[in-house]
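Peer 1: Turn this into a structure:
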Amino acid sequence: MIGRAALGCLTLAFAFALAACGERTQTLTDQKKSDVPGWKGGNAAYNAPGWVASDQAAWEAQLRARAQAQNDYATPATK
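Peer 2: Numbers count the residues shown, from 1 in each chain. Prediction:
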């Protein structure tokens, strides 16, 4: 009986070891250009409505508006 349990454990350990060998490498293929400021624009599908690329003042205003919308202390209490 011990032989059958040991064989089962050995088979399970072998299956886990074999599964670990099948891991693929994780590399970035599409890297963002870090030398371009965020307000210069990116993918137009992700731009906020009404925002025009290369408008730094509008970019900063949008960031302030988003941050203010996430500020729990700035929203009125609903008690």
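Peer 1: Could you report the distance from residue 37 to residue 56?
Peer 2: 8 Å (Cβ to Cβ, to the nearest Å). (Each C-beta comes from the backbone N, C-alpha and C, glycine too.)
Peer 1: One more: residue 66?
Peer 2: Distance, residue 66 to residue 56, using Cβ to Cβ: 16 Å.
Peer 1: can you give me the helices for the chain?
Peer 2: Ranges of helices in the chain, per DSSP state H, are 2-21, 56-70.
Peer 1: who wins for proximity to residue 27 among those helices?
Peer 2: helix 2-21 (18.2 Å; Cβ to Cβ).
Peer 1: Mean confidence (pLDDT) on the closest one, please.
Peer 2: The pLDDT scores in helix 2-21 average 81.
Peer 1: likewise stretch 69-79?
Peer 2: 72.
Peer 1: Let me have the helices of the chain in JSON lines, extended by mean neighbour count and distance to residue 49.
Peer 2: Output for the helices of the chain, formatted as JSON lines (neighbours: other Cβ atoms under 10 Å; distance: least, Cβ to Cβ, whole Å):
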{"stretch": "helix 2-21", "mean neighbour count": "9", "distance to residue 49": "47"}
{"stretch": "helix 56-70", "mean neighbour count": "12", "distance to residue 49": "10"}
